[in-house]
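A.B. asks: Here's a sequence, model it:
(chains A and B)
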Number of protein chains: 2
Amino acid sequence: MLIVHKYGGTSVGSLERIENVANRVKKARDAGNDLVVVVSAMSGETNKLVDYAHHFSKTPARAEMDMLLSSGERVTAALLSIALQEMGIDAVAMTGRQAGIRTDENHTYARIESIDPTAMREAIASGKVVIVAGFQGFTESGKVSTLGRGGSDLSAVAIAGALEADACEIYSDVDGIYTTDPRIEPKAKKMEHISYDEMLELASLGAKVLQNRSVELAKKLGVTIIAKSSFSDAEGTTIGKESEEMEAVLVSGIALDRNQARVTIRGVSDRPGIAAEIFTKLADEQINVDMIIQNASSDGTTNLGFTVPASEIERAKKVIGGFDHDIGGMDFDENVCKVSVVGVGMKSHSGVAAKAFSTLAANNINIEMISTSEIKVSMIIKEKYGELAVRSLHEAYELDK
Amino acid sequence: MLIVHKYGGTSVGSLERIENVANRVKKARDAGNDLVVVVSAMSGETNKLVDYAHHFSKTPARAEMDMLLSSGERVTAALLSIALQEMGIDAVAMTGRQAGIRTDENHTYARIESIDPTAMREAIASGKVVIVAGFQGFTESGKVSTLGRGGSDLSAVAIAGALEADACEIYSDVDGIYTTDPRIEPKAKKMEHISYDEMLELASLGAKVLQNRSVELAKKLGVTIIAKSSFSDAEGTTIGKESEEMEAVLVSGIALDRNQARVTIRGVSDRPGIAAEIFTKLADEQINVDMIIQNASSDGTTNLGFTVPASEIERAKKVIGGFDHDIGGMDFDENVCKVSVVGVGMKSHSGVAAKAFSTLAANNINIEMISTSEIKVSMIIKEKYGELAVRSLHEAYELDK
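C.D. replies: Just a heads-up that it's a prediction; the model follows:
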């Protein structure tokens, strides 16, 4: 089997931990696998370098930031390769460029355009374990680029895709994806399998494990991800294509997103396109609008409701304030949260949403907004009821069984 | 003017010091110069990374070491570029590869094979100050390579040569080359000019400023070096071609080398080539033999005297021990030092050596070995007389005037 491993910053956060990673790699190697290992910078390193840059400038040039930040992953890659060689394993360290990772010119959050896997393939064919500095590539003009937050996961998934690897194991300090946040519901269970789409909808549950960009890329490339802990031998969670087995399960998990604020715009005039104008302006300001509902009111105007991240509420107020000739008024509520029930099984089962509503009703929790997709029901409720809602729903769908 | 600056590890040893360097670069820029700035890693960084590697292996792979160690210079280059941009100076940071520095495959002490200055030239033509990560290049197979100790000086000199720069200013925490070590003779004077050959012979006086490899390369490429301090505005010392002005000066400086041990081999049999065999064997063991004298003795055998670095005396003893059938015996003396009187003026003036001998004689210092070149007289004396010899000679040649 050809397997890609990826170890995050915490997993390589000290020389001892790098040694621990080397032992894991050796074990997988001794089991007869071909291996490519993608590594992050030692935890703290990237932040240190960012602080250095900010000592000189609040807005350092992005190409310079990339040369600066890419150094951390190179250090880890070289050290891990040295550690493996000392154990008698034939290893070779590669930078993003040496691994053939070409990106666009969008420094500090570049997109991978292509991977030329020739050098990696040759090294693997000659019996080597390939260690790749994650998070980085090179542009057409020959500069170093970096892939933004979660970039090493992206490197690993893209490499697994380019090499048609059998699996991409993402190691962190968390041993998988749980049915809900175990800090809220101690009965939360680790999932064995989850589909790409479920993972995307349950983003907040996997936030410490995997960013959505990597999941999206894995889905596109058909790469199977296994999320595991580098500190234990526990089985992880497999993130892959939907299977019949997954569809047999009604609901996979319950997610809670506290970073939500509700905006209500009353009396939006019936001039065509006014809502579109508001949302365009919000998008221009990089404010992510999540759930949207629109109701016609009796006087010919409409009420428009939507949510934005709580952290962006002040900027949203400013944008909407610019439309005061076209609207009757606006309300804001930052004390809300979003509870989501997710499961591919919903596609073939009815009544999932109804059960969610009745469960919250039985707990006297008022639902302020609802949005549904094929595999998800999301509800905006008062923030103080968030944890109660999660626990009630977790029990209602028997996720602890 | 097109000027290359090079700042060593101490000069960029903290964020404040990098800011200081940025101010110096700005000053040179504001004076209307085109600039390429070569930087070392922040002091301590390279040693830290070496320690990391040695945690895993006593003999880490050299290609891996190069990926590891090259990261320090990249960090400094990116930070300096960011600092300059913040001051409103159009700067661009380049890795060794981006600057076009091709080396051989000899990792950790690679030699520069060629420089393709196209990218640097284009950046300069578009009005940019180019910041280059020193100490590194890339090999034909696309790997990162490093140039060994003093590698950033080599980068700077080679770049100055490739760009036909008007000068190469090497900044450190020392403000130039002195007529002798000021810790031995407080009356030592900083030299204004010194020739490449004098600098090579006075290596120990410039040890903290410039390594011989860089001086040799500068001589070969005809690059004028100016050694300056990054912590003061003092004029530095110019190292360049011999000039008439230099030749007017009889003696430029007095150097003391304490790392010397004298070896005497008595009764070397008259079998042809036995001396050559001994020296070949020493060379095979990487033991540097410095001064050599051979005297015929009355019984048809000869006595062979030479010096080796004191730190290599034990290994030298072992090598020579292997020849005990061919020699009468051997003596070792580690309590010696070498005093050298250097000056291109010697070429055209007689009596320089005689003055050295009489000066030491007047101080009752016995000379054990003598070796001379066109521009140098070196004498082996007892180590305890070393400082007295330096002071006496410094005065005799009126270097304090």
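A.B. asks: Would you mind listing what in the stretch 101-250 of chain A touches chain B?
C.D. replies: Residues of the stretch 101-250 of chain A lying near chain B by Cβ under 8 Å from any Cβ of the partner chain: A:119, A:133, A:142, A:143, A:144. All C-beta spots, glycine's among them, are computed from the backbone N, C-alpha and C.
A.B. asks: go again using 7 Å as the cut-off
C.D. replies: Proximity of the stretch 101-250 of chain A to chain B, by Cβ under 7 Å from any Cβ of the partner chain, involves residues A:142, A:143.
A.B. asks: OK, now which residue of the stretch 101-250 of chain A is nearest to chain B?
C.D. replies: Relative to chain B, the nearest point of the stretch 101-250 of chain A is residue A:142 (6.1 Å; Cβ to the nearest Cβ).
A.B. asks: ok, now which ones touch that residue?
C.D. replies: Residue A:142 sits next to residue B:98 when contact means Cβ atoms under 7 Å, 6 or more residues apart in numbering or on different chains.
A.B. asks: go with 8 Å
C.D. replies: By Cβ atoms under 8 Å, 6 or more residues apart in numbering or on different chains, the contact set of residue A:142 is B:97, B:98, B:119.
A.B. asks: Could you do residue A:396 as well?
C.D. replies: By Cβ under 8 Å, 6+ apart, the contact set of residue A:396 is A:355, A:356, A:359.
A.B. asks: ok so, going back, which one among the contacts of residue A:142 gets closest to chain A?
C.D. replies: residue B:98 (6.1 Å).
A.B. asks: ok, the closest one touching residue A:141?
C.D. replies: No - contact criterion Cβ atoms under 8 Å: residue B:98 and residue A:141 do not qualify, at 9.3 Å.
A.B. asks: could you pick out which of the contacts of residue A:142 are near chain A?
C.D. replies: Within the set of these, contact with chain A (Cβ under 8 Å from any Cβ) is found for B:97, B:98, B:119.
A.B. asks: re the thing from before, how much space between the residue of the stretch 101-250 of chain A closest to chain B and residue A:226?
C.D. replies: In this view, residue A:142 and residue A:226 are 35 Å apart by Cβ to Cβ, to the nearest Å.
A.B. asks: ok, now residue A:141?
C.D. replies: The gap separating residue A:141 from residue A:226 is 36 Å, by Cβ to Cβ.
A.B. asks: Compare the two (neighbour count), which wins?
C.D. replies: Legend: neighbour count by other Cβ atoms under 10 Å in any protein chain shown for residue A:141 and residue A:226, higher for residue A:226 (18 against 10).
A.B. asks: Please compute how far the helix or strand hosting that one lies from its chain's middle.
C.D. replies: Element membership for residue A:226, per DSSP states H and E: strand A:225-229. Its chain's C-alpha centre and that of strand A:225-229 lie 13 Å apart, by Cα atoms, centre = their mean, to the nearest Å.
A.B. asks: Show me which positions of that strand end up buried.
C.D. replies: Buried residues in strand A:225-229, counted by 16 or more other Cβ atoms under 10 Å in any protein chain shown: A:225, A:226, A:227, A:228, A:229.
A.B. asks: following that strand, which helix or strand comes up?
C.D. replies: Per DSSP H and E, the helix or strand that comes after strand A:225-229 is strand A:237-240.
A.B. asks: State the mean pLDDT of that next one.
C.D. replies: Strand A:237-240 comes out with an average pLDDT of 95.
A.B. asks: How about residues contacting it?
C.D. replies: Here strand A:237-240 makes contact (Cβ under 8 Å, 6+ apart) with A:176-177, A:190-196, A:199, A:210, A:215, A:218, A:224-227.
A.B. asks: Let me see the contact set for the closest residue to chain B within the stretch 301-401 of chain A.
C.D. replies: Of all residues in the stretch 301-401 of chain A, residue A:315 sits closest to chain B, at 26.0 Å by Cβ to the nearest Cβ. For residue A:315, the contact set (Cβ under 8 Å, 6+ apart) comprises A:285, A:287.
A.B. asks: Ok, residue A:214 next?
C.D. replies: By Cβ under 8 Å, 6+ apart, the residues touching residue A:214 are A:150, A:153, A:154, A:156, A:157, A:170, A:225.
A.B. asks: Now the residue lying closest to it once chain neighbours are set aside, what are its backbone angles?
C.D. replies: Residue nearest to residue A:214 in three dimensions, not counting chain neighbours: residue A:153, with 3.9 Å by Cβ to Cβ, 6 or more residues apart in numbering or on different chains. Phi and psi for residue A:153, reported as degrees, to the nearest 10, are phi -60, psi -40.
A.B. asks: Residue A:153: neighbouring residues, count only.
C.D. replies: Neighbours of residue A:153 (other Cβ under 10 Å): 29.
A.B. asks: Show me the domain layout of chain A.
C.D. replies: Domain assignment for chain A by automatic domain parsing gives A:2-172, A:254-396.
A.B. asks: Ranking the ones you listed by mean neighbour count, which comes first?
C.D. replies: Neighbour counts (mean count of other Cβ atoms under 10 Å in any protein chain shown) averaged over each of the domains of chain A peak at domain A:2-172, with a mean of 22.
A.B. asks: and the end-to-end length of that one?
C.D. replies: 20 Å (Cα to Cα, to the nearest Å).
A.B. asks: how many degrees apart are the host helix or strand of residue A:72 and helix B:62-86 in direction?
C.D. replies: Following DSSP H and E, one finds residue A:72 within helix A:62-86. Relative orientation of helix A:62-86 versus helix B:62-86 (axes from the mean of the first three to the mean of the last three Cα atoms, to 10 degrees): 160 degrees.
A.B. asks: Give the pairing partners of the helix or strand just after helix A:62-86; include direction for each.
C.D. replies: Sequence-wise, the next helix or strand downstream of helix A:62-86 (DSSP H and E) is strand A:91-94. Applying DSSP bridges, strand A:91-94 is found paired with strand A:129-133 (parallel).
A.B. asks: next SSE after the partner strand?
C.D. replies: Sequence order places strand A:136-138 as the next helix or strand after strand A:129-133, per DSSP H and E.
A.B. asks: So for that following strand, mean pLDDT?
C.D. replies: Confidence for strand A:136-138, expressed as mean pLDDT, is 97.
A.B. asks: From the rest of the structure, what touches that strand?
C.D. replies: A:66, A:70, A:73, A:95-97, A:101-103, A:110, A:112, A:144-147, A:151, A:155.
A.B. asks: switch the cut-off to 7 Å
C.D. replies: Strand A:136-138 is contacted from outside by A:70, A:73, A:95-97, A:101-103, A:110, A:112, A:144-147, using Cβ under 7 Å, 6+ apart.
A.B. asks: Looking at those residues, which are in strands?
C.D. replies: A:101, A:102, A:103, A:112, A:144, A:145, A:146 (DSSP state E).
A.B. asks: Great, nothing more from me.
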